[in-house]
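Asks: Sequence plus the predicted model coming up.
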Amino acid sequence: MLRTHLTTTLGLRYPILNAPMTPPAGGALARAVTDAGGLGMVGLDYRDPLSDFEAQIALARDGDPNRRFGIGLTAWSLDLRPEIFAAALAARPLLIAISFGNVAPFARPVRDAGILLAAQVQDRDGADAAVAAGADIVVAQGTEAGGHTGDVGTLPLLQVVLERCPVPVVAAGGIASARGLAAVLAAGAQGAWIGTPFLLAAEARVTEAARERIVAARENETVLTSLYDRVQGLPWPARYRGRALRNAFTNRWDGREDEAAADPDALAAFAAARAEGRYDIAHQYAGQSVGLAAQRTSAGRIVTSIGDGAERLLRACAAEVLER
C-alpha cells in the first residue's frame, strides 16, 4: 500500500486528488473519487450562483455528513465575490485549495474553521508566499496542466518547490498514469493533483462532444493561450493563461487576442459555437497528458488503476535500482 503524508493525514487509500476543474469537477465526480480512495475536489466557477455550488456540495456528500471532500477556489475571484469564500467555509470540507493569487488573506479564516489549506503555485515566489501564509500543503502546478496554469514545466518546478518547502508538496501538471504518479512520489511529492484523465470519467460534467474531442486529441495538440479569456471578457490575471486543445479558432487568433476581442464576427462565432457545442471554435481545456486519455471510464477506475499501478511500479523499481 502507498503511504504518504496525504494517505496518513487525510485518511486516503491513494495519494490522489482530482483537480477542481470548472465545470467538470462537480459533486458527483468528487464523491466518486473519494469513494475510490482519493480525495474528491469540487470546483466552483465564480460566475455560477451560490445555489449551484450548494447543490454540488450536496452531491459530494450524498447524505453522508462525514464524507470527505475538498473545495477548489481561485484567489483573484474571491475579491469579486467574497460570498463564495464564506460558503466554502460554511460547507466544512476537509480541505480548501486556493490557486492563482495571494492566499494570505484567506489563510487564517480557513485555519480557524479547522479546515486544511492547500495553495497551488506556479513558481518559487508563490511557494514561498504559500509557506509564509501557513498553507498545510503546497501544490506545484507545472505548465503541462490543462486549464489555467503557469509557464514552468512540472519536473523543474517540483524540484524547486521540494527543495524550498518544509510542508508537504503535491505535484500537478501532466500526471495521468501510474508512471506519472510513481515518478512524482519517487521525487518526494506526497501525492498528485490530476485533472485531464478525469475529463473522461462518467461522473464529470463534460459534454459527449467534448469527450469525443478529448479522446481524439494527441499530446502535441494543446496551446497555452489567453484567447478564450479575452473573447469571454473574463478578468483572469494575465500571468495565468489557459491550456486548451488546439482548433481552428486558436490557429487563427492565438497571439492576436486583442483583435479577436474587438472583432464582432469572431465574438459571435465563438458564442454560437459554445451554445452549439462545436469544439472547432469553442474551447476545451486539457493538459498535455491528453494523449493518454484514450477511453471513457469511471472516476473510480481512474483512481485505482493509477494508484495500484504506481505501487507496483515503485516496488519493481526499488528492487531493480537499489543495490542490496
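Replies: Thanks, I have it.
Asks: Where do the strands of the protein begin and end?
Replies: 16-18, 41-43, 70-74, 95-99, 116-121, 137-141, 147-149, 169-172, 192-194, 222-225, 241-245 (DSSP state E).
Asks: so Val139 bridges to which residues?
Replies: Gln120, Val170 (DSSP bridges).
Asks: Skipping its backbone neighbours, what lies nearest Ala32 in space?
Replies: Ala299 (3.7 Å; C-beta to C-beta, 6 or more residues apart in numbering). To be clear about C-beta, it is placed using only N, CA and C from the backbone, and glycine gets the same treatment.
Asks: ok, now how distant is the one you found from Ala202?
Replies: Counting by C-beta to C-beta, to the nearest Å, the separation of Ala299 from Ala202 is 7 Å.
Asks: These two: which is more packed in?
Replies: Ala299 (27 against 15; other C-beta atoms under 10 Å).
Asks: Can you name the residues that contact that one?
Replies: 18, 29, 32-33, 36, 198, 201-204 (C-beta atoms under 8 Å, 6 or more residues apart in numbering).
Asks: Helices along the stretch 51-200 of the chain, start to end?
Replies: 75-78, 82-91, 104-112, 124-133, 154-164, 178-187 (DSSP state H, counting those that start in this stretch).
Asks: ok, the closest residue to Pro197 other than its chain neighbours - contacts?
Replies: Excluding its sequence neighbours, the residue lying closest to Pro197 (C-beta to C-beta, 6+ apart) is Ala176, at 4.8 Å. Going by C-beta under 8 Å, 6+ apart, Ala176 touches 194, 196-197, 287, 289, 292-293, 306.
Asks: What of Gly195?
Replies: 18-19, 21, 145-147, 172, 287.
Asks: cool, Leu78 as well?
Replies: By C-beta under 8 Å, 6+ apart, Leu78 lies in contact with 46, 84-85, 98, 106.
Asks: give me that answer again for 6 Å
Replies: Contacts for Leu78 (C-beta atoms under 6 Å, 6 or more residues apart in numbering) come out as Phe85.
Asks: swap in Arg211?
Replies: By C-beta under 6 Å, 6+ apart, the contact set of Arg211 is Leu200.
Asks: Model confidence for it, exactly?
Replies: With respect to pLDDT, Arg211 has a value of 95.
Asks: Leu2 too?
Replies: Value for Leu2, per-residue pLDDT: 94.
Asks: Would you mind confirming that it makes contact with Arg312?
Replies: No. In this structure Leu2 lies outside contact range of Arg312 using C-beta atoms under 6 Å: 10.5 Å.
Asks: Quick one: the contacts of Gly195 as JSON lines, columns for distance to Ala268 and neighbour count too.
Replies: Below are the contacts of Gly195 laid out as JSON lines (distance: C-beta to C-beta, whole Å; neighbours: other C-beta atoms under 10 Å):
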{"residue": "Asn18", "distance to Ala268": "35", "neighbour count": "32"}
{"residue": "Ala19", "distance to Ala268": "31", "neighbour count": "30"}
{"residue": "Met21", "distance to Ala268": "27", "neighbour count": "25"}
{"residue": "Ala145", "distance to Ala268": "30", "neighbour count": "30"}
{"residue": "Gly146", "distance to Ala268": "26", "neighbour count": "26"}
{"residue": "Gly147", "distance to Ala268": "25", "neighbour count": "22"}
{"residue": "Ala172", "distance to Ala268": "35", "neighbour count": "29"}
{"residue": "Gly287", "distance to Ala268": "29", "neighbour count": "32"}
